[in-house]
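1. build me a structure from this.
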Amino acid sequence: MSDVLPPAAARRVFLLLTLTRWFPVGLVASLITLLLLERGLTISQALLAISLQGFVVLALELPTGSLADALGRRPVLITAAVVNVASAVVIVVADDLWLFAVGAALMGVFRALDSGPLEAWYVDTVHATEPGADVDGTLAAQGMVLGVAIAVGSALAGALVWWDPLPFGSALLLPFVAWTVLNVVHLVVVVALMHEPRTQPGRRGARQAWASARQAPEVVRDGLRLLARNRVLRALVLVEVFWSTGMVVFETFQPVRLAELVGGEERAGALMGPIGAVGWGVFALGSALAGLLSGRWGVARTAILARALNGVGAVVMGVVAGPVALVAAYLVTYGLHGAAGPVHASLLHREAEAANRATVLSMNSMLAMGTFAVVAPLLGFLAQGTSTQVAMVSAGAFSILGAALYLPALRAERERAQGSVVSPAS
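-> This is a model prediction of the structure:
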């Protein structure tokens, strides 16, 4: 066990890598749709290009998740970081639909590789020295770090757009250049700090890697079997269909609607910096609050409340008619989005074990990204044919229904509390 990090050290690395992973995202998260619109794409084209990321994740999520379970978390996460740098470079230079599509596809490869290994590495590292230890506290802390990182990144993005020091290109360009540089920093930090035990020491690196990779299809099959026979896990994963539909409202349509209300993409881009910063700060607060509430109300009850209220918030965003009301509704909705994340992840971990943890996380991410990929362009066409408000209200109302899918987890939680069910991860 000497090569296994103690839980406190693993927690520090986990949170630091969360910071370096998500801080660059804050620079561009609220600007990507505006950049595409500014470079000549229509709303439907922009959402179609962005949706390609989800289709790639849908195709690759399970194979890459199982590869992380079979080959190791560290090599997969390093590969993901390399692809992330490549995707950023393409997005920075893209000037038409096809180049943006390539960039989005590379982002999909990155998301598929990145979605499970770090979290699975942390949980398994902790369980190596403290079997059955609960991780929802650290997951809530991760949500706080993620939210603060993106908040600071968003504030910096707004400042960079206002500053606009480059003699070429638009004011939206500089945040994307900074995003690219910081993605390189994340790659370096992953290589330097993420340590993983060698389960088969020796000089058989290439053969060992190939043998591990050949296990991936078997792990995929095991993950699908688990999904088929585990009703609680199946319902949890299906929540993502509704959650991701709601996300289209506050992730994609919010800056579009703001641009309609304030009169242009660059003006909206400058405003989205501070708005996004506050939004992610509220996201972090929501994650922290979820950690407190789940201890009192239960994890499943907290998830139900957060999911339902988040959908209601998305509906309100579509109903309001002024920029101040839109921003207020966005902030509340994003705080609820932050609250939902750690409790949902904690429920997933209860249904997983070390041999399939990354695969379970990948199945969840696969359905989330796949749903976003399908729904986003459809809502784009709906918005183009009617209005952005109609599309936002429709997506938000549908999202509320996902709260019902936490009921099997609620029943399992009650049984678990009574001692009649002991989950693999408890």
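2. isn't Val262 right up against Leu326?
-> No - using CB atoms under 8 Å, Val262 is not in contact with Leu326, being 9.9 Å away. (C-beta placed from N, C-alpha, C; glycine too.)
3. more neighbours: which of the two?
-> For Val262 versus Leu326, neighbours defined as other CB atoms under 10 Å are more numerous around Leu326 (23 against 14).
4. any idea where the helices of the stretch 151-300 of the chain begin and end?
-> Taking DSSP state H, counting those that start in this stretch as the criterion, the stretch 151-300 of the chain carries its helices at 173-193, 205-213, 216-229, 231-247, 254-262, 265-297, 299-319.
5. ok and the one helix or strand Gly103 maps to relative to helix 173-193, angle-wise?
-> Gly103 is located in helix 97-114, with elements delineated by DSSP states H and E. Interaxial angle, helix 97-114 versus helix 173-193 (axes from the mean of the first three to the mean of the last three CA atoms, to 10 degrees): 30 degrees.
6. in helix 97-114, what counts as buried?
-> Buried residues in helix 97-114, defined by neighbour count with 16 or more other CB atoms under 10 Å: 97, 100-114.
7. can you check stretch 85-99 too?
-> Buried residues in stretch 85-99 (16+ other CB under 10 Å): Val85, Ala86, Ser87, Ala88, Val90, Ile91, Val92, Ala94, Leu97.
8. now for those: which two are most distant?
-> The distance between the two most remote of the buried residues of stretch 85-99 (CB to CB) is 22.6 Å, for Val85 and Leu97.
9. which parts of the one helix or strand Met366 maps to are buried?
-> Following DSSP H and E, one finds Met366 within helix 357-385. Of the residues in helix 357-385, 357-380, 382-383 count as buried by neighbour count, 16+ other CB under 10 Å.
10. ok, stretch 334-353 next?
-> 334-352.
11. cool, stretch 30-40 as well?
-> By neighbour count on 16+ other CB under 10 Å, the buried set for stretch 30-40 is Ser30, Leu31, Ile32, Thr33, Leu34, Leu35, Leu36, Leu37, Glu38, Arg39.
12. show me the contact partners of that stretch.
-> Contacts of stretch 30-40 from elsewhere in the structure, counted by CB atoms under 8 Å, 6 or more residues apart in numbering, are 28, 43, 45-47, 49-50, 91, 94-96, 100, 154, 157, 161, 170, 172, 175-176, 252, 254-256, 259, 265-266, 268-269, 272-273, 275-276.
13. can I get the buried part of these as one PyMOL selection?
-> Buried subset of these, written as a PyMOL selection, criterion 16+ other CB under 10 Å:
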select buried, resi 28+43+45+46+47+49+50+91+94+100+154+157+161+170+172+175+176+252+254+255+256+259+265+266+268+269+272+273+275+276
